[in-house]
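> Requesting a structural model of the entry that follows:
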Amino acid sequence: MTESHMPVKIIPLGGLEQIGMNITAIEYDDTIIVVDCGLSFPDDDMLGIDLVIPDVSYLIENKDKVKGLVITHGHEDHIGSIPYIEKQINMPIYATRLTMGLIDYKLEEHGLLNQVKRKVVSYGQTINLGNMRVEFIRTNHSIADSAALAIFTPAGVLVHTGDFKVDYTPVFGEMIDLQRFAELGRKGVLALMADSTNAIREGFTPSEKTVGKTFDHIFEDNQNRRIIIATFASNVDRVQQIINSACKYKRKVIIQGRSMVNVISIASELGYLNVPPNTIIEIDESVNYNDNQLVYITTGSQGEEMAVLSRIAASIHSKISIKPGDVVIFSSSPIPGNEKAVYRVINELEQKGAAVIYHDAHVSGHACQEELKLIYALTKPRYAIPVHGEYRHLKRHAELAREMGIPKERVKLIKCGDILAVSEQTFSVIGSVSAQGVLVDGLGVGDVGNIVLRDRQHLSENGLIVVALTLEHGSGQLLAGPDIITRGFVYVRESESLLEDCRMVVEETLDECLMRSTTDWTRIKSRIRDSLGEFLWKRTKRSPMILPIISEV
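The predicted structure follows:
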């Protein structure tokens with residue numbers, strides 16, 4: 001097989017059948033480029049887990065082939081894992097200016113800023129990486145400096161849209177470069193990997209500027225009230241519009257939330273945020289102003305437990321308390337899975353007398369069906385590979401691609417870890433790699449796996465019983481105990497007879513072991529667990545975790 005007829009391999013390591021943790025490897029011969037490197041937040045059953053980052057064991061095994069990491073935009077689900085992955089594979093990073101500013105901050109936090117090669121890329125610029133070239137194309141999204149990628153491989157041109165929408169009147173910068181998509185389509189696009197997040201929504205996504213008008217109306221209608229607005233820290237255009245409305249209605253702005261402060265600081269320094277002098281004040285200065293002269297911009301629009309708005313709602317914020325009449329605006333829509341947390345915060349705020357606005361103050365940053373159709377019409381891809389989204393989004397995107405005239409056999413729904421081989425003649429999954437996700441708990445990366453999670457689940461559902469006893473060395477006779485200690489199983493004072501029966505079961509088990517001359521501690525512990533577990537299930541229909549502790553004297 002000649003080089004020009006070799007297929008290019010597309011290997012998603014995250015971002016499919018889920019929202020978040022977007023990362024894809026593109027491989028041709030001795031070259032791998034990585035597109036995005038995001039994280040996701042834990043599911044409800046991942047008890048105690050802080051973050052989930054991609055499993056890049058395939059990239060580590062092929063470290064010599066990895067030529068660079070190209071980033072589409074600066075959201076956490078596309079850049080959040082960079083410091084963790086760079087510690088394992090030191091890849092040069094290529095991104096637009098604001099995106100790189102946000103990445104630099106993350107690398108600095110992890111002490112990696114001087115160890116990682118970084119290059120800021122302009123729209124239209126092409127980067128040579130091994131036997132591939134990558135061109136950055138202007139798009140619109142809910143953060144400035146977003147880009148689509150045209151990846152030129154010997155097998156053909158791949159177009160990766162990143163997260164995008166078609167915004168004819170963006171708040172910052174120019175509209176999406178539809179002309180470049182059309183030029184690529186005329187020359188021939190082998191495969192299109194397009195954003196599926198809003199593929200189930202009909203029509204067009206409204207312009208970000210429509211939110212600015214909504215803010216003006218809200219400020220106009222609430223001129224005598226304090227206003228608190230929660231949004232995503234990275235939505236710089238949204239913050240700009242809040243600041244615009246605040247200036248128009250002569251209010252001072254107070255920024256709350258570490259990530260919000262960081263992003264606004266970086267965006268202002270790089271010129272992506274226009275803040276008139278003396279507009280932003282420190283929270284301690286708020287005592288010098290009336291409530292109707294203030295607007296707060298905070299984190300917590302997703303109901304995150306320790307975010308500013310959640311702490312305000314729970315009355316545990318040190319400097320901000322809700323007053324009856326306050327207006328609280330959720331300028332976002334709940335990410336799938338976060339609805340319960342968001343509605344909990346809304347209920348707490350309304351119970352304290354706040355008026356909560358959680359409709360109409362947000363527009364999506366993702367393309368709806370008509371915008372996706374436009375990109376298909378312009379690029380005319382041979383193959384369609386839906387990316388970014390849950391299965392329902394990917395499935396509807398695949399149907400939409402077929403509606404646009406792409407034959408069914410040229411549309412492929414793939415899973416994380418699949419190796420998709422693509423050429424003019426080939427379009428098939430030829431294998432798979434590990435792509436389970438790595439759990440981050442505190443400073444531990446990957447040291448919590450399924451067994452530990454299962455134990456945490458078990459403890460959370462059924463509680464713990466510790467059986468402590470002391471045996472005589474040699475004879476195995478019981479010298480002290482058994483003492484029964486419970487946590488999260490039963491209330492001890494009301495269950496003394498049950499715990500006494502547990503002691504008797506343990507003593508009988510020990511006598512049985514002694515009669516059989518069983519002195520191996522592992523076997524004794526196993527017998528205690530089995531007999532006590534069986535007894536408790538019969539008596540209570542519960543299965544607590546049983547932890548025998550044996551001391552020897």
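> So which bits of stretch 54-73 are buried?
54-56, 58-59, 65-73 (16 or more other CB atoms under 10 Å). C-beta: built from backbone N, CA, C; applies to glycine.
> Tell me where the model's unsure across the stretch 351-500 of the chain.
439-461, 473-478, 490-495 (pLDDT under 70).
> so where's this structure shaky on pLDDT?
1-5, 42-50, 439-461, 473-478, 490-495, 518-519, 521, 553.
> In contact with Arg516: list those residues for me.
Listed by CB atoms under 8 Å, 6 or more residues apart in numbering, the contact set of Arg516 is empty.
> One more: Ala233?
257, 259-260, 262-264, 299.
> Follow the chain on from the longest strand seen in the chain and name the next helix or strand.
Ranked by residue count and defined by DSSP state E, the top strand of the chain is strand 478-487. Moving toward the C-terminus from strand 478-487, the first helix or strand encountered (DSSP states H and E) is helix 496-515.
> by how many degrees do that following helix and strand 478-487 diverge?
If you take axes from the mean of the first three to the mean of the last three CA atoms, to 10 degrees, helix 496-515 sits at 140 degrees to strand 478-487.
> buried ones in helix 496-515?
498-499, 502-503, 505-506, 509-510, 513-514.
> by contact count, what packs against that helix?
Applying 3 or more CB pairs under 8 Å, 6 or more residues apart in numbering; DSSP states H and E, one finds that helix 496-515 makes contact with strand 464-471, strand 478-487, helix 521-540.
> Point out the most buried one among these.
Of all these, strand 464-471 has the most neighbours on average by mean count of other CB atoms under 10 Å, namely a mean of 19.
> any residues touching that one, and which ones?
477-489, 502, 506, 510, 528, 532, 536, 544-553.
> how about 6 Å then?
479-483, 485-487, 489, 506, 528, 544-553 (CB atoms under 6 Å, 6 or more residues apart in numbering).
> what's the answer for stretch 53-69, then?
By CB under 6 Å, 6+ apart, stretch 53-69 touches 13-14, 21, 23, 30-34, 37, 39, 81, 84-85, 88-89, 91-94, 129-130, 433-436, 438, 440.
> From those, list just the buried residues.
Among the contacts of stretch 53-69, those that count as buried by neighbour count (16+ other CB under 10 Å) are 13-14, 21, 23, 31-34, 37, 39, 81, 84-85, 89, 91, 93-94, 129-130, 433, 435, 438, 440.
> would you list every one of the helices in the stretch 151-300 of the chain?
Under the criterion DSSP state H, counting those that start in this stretch, the stretch 151-300 of the chain contains helices at 178-187, 209-221, 236-248, 258-269.
> Test my guess that Phe427 contacts Tyr383.
Yes: using CB atoms under 6 Å, Phe427 is in contact with Tyr383, at 5.4 Å.
> higher neighbour count, those two?
More neighbours surround Tyr383 than the other of Phe427 and Tyr383, with 25 against 20 (other CB atoms under 10 Å).
> list the contacts for the closest residue to that one other than its chain neighbours?
Leaving aside its sequence neighbours, Tyr383 sits nearest to Ala191 (CB to CB, 6 or more residues apart in numbering; 4.1 Å). Ala191 is in contact with 158, 381, 383, 385, 422, counting by CB under 6 Å, 6+ apart.
> Counting only helices, which of these make the cut?
Assignment to helices by DSSP state H places none of the contacts of Ala191 there.
> As CSV, these with distance to Phe330 would be great.
Formatted as CSV, the contacts of Ala191 follow (distance: CB to CB, whole Å):
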residue, distance to Phe330
Leu158, 37
Pro381, 37
Tyr383, 39
Ile385, 34
Val422, 41
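> Closest to Asn274 out of those residues?
Leu158 (36.2 Å; CB to CB).
> Any idea how many residues pack against the closest one?
Around Leu158 there are 26 residues (other CB under 10 Å).
> That one contacts Phe152, correct?
No: the pair Leu158 / Phe152 is not scored as a contact, 8.2 Å apart, by CB under 6 Å.
> who wins for neighbours among the contacts of Ala233?
Val263 (27 neighbours).
> ok, the closest residue to that residue other than its chain neighbours to His317 distance?
Counting by CB to CB, 6+ apart, Val263 lies nearest to Ala233, which is 4.7 Å off, once chain neighbours are set aside. As defined by CB to CB, to the nearest Å, Ala233 lies at a distance of 17 Å from His317.
> what does Glu350 give?
17 Å.
> Name the nearest of the buried residues of stretch 54-73 relative to Phe215.
His73 (23.2 Å).
> Which secondary structure state is assigned to the closest one?
With DSSP: H, G, I helix; E, B strand; the rest coil as the basis, the three-state label of His73 is coil.
> So which residues of the stretch 351-500 of the chain form strands?
Secondary structure of the stretch 351-500 of the chain (DSSP state E, counting those that start in this stretch): strands at 355-357, 383-384, 418-422, 427-432, 438-441, 444-445, 464-471, 478-487.
> Serialize the ones you listed to a markdown table and add fields for distance to Phe204.
Shown next, in a markdown table, are the strands of the stretch 351-500 of the chain (distance: least, CB to CB, whole Å):
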| stretch | distance to Phe204 |
| --- | --- |
| strand 355-357 | 24 |
| strand 383-384 | 20 |
| strand 418-422 | 30 |
| strand 427-432 | 30 |
| strand 438-441 | 38 |
| strand 444-445 | 41 |
| strand 464-471 | 55 |
| strand 478-487 | 55 |
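> Looking at the ones you listed, which is nearest to Glu390?
strand 418-422 (16.4 Å).
> Leu394 and Ala199: what is the separation?
Distance from Leu394 to Ala199, by CB to CB: 8 Å.
> Also Pro334?
Relative to Ala199, and taking CB to CB, Pro334 is found at 18 Å.
> With neighbour numbers in mind, choose between these two.
Ranked by neighbour count (other CB under 10 Å), Pro334 and Ala199 place Ala199 first, with 25 against 16.
> how close does that one sit to Ile143?
Applying CB to CB to Ala199 and Ile143 gives a distance of 20 Å.
> which residues does Ile229 bridge with?
Ile297, Ile329 (DSSP bridges).
> How many neighbouring residues does it have?
Neighbourhood size, Ile229 [other CB under 10 Å]: 26.
> List the residues that contact it.
So, once contact is read as CB under 6 Å, 6+ apart, Ile229 ends up touching 242, 297, 329, 331.
> In contact with the residue lying closest to Ala230 once chain neighbours are set aside, which residues?
Once flanking residues are discounted, Ala230 sits nearest to Ser301: 4.0 Å by CB to CB, 6+ apart. By CB under 6 Å, 6+ apart, the residues touching Ser301 are 230-231, 330, 332.
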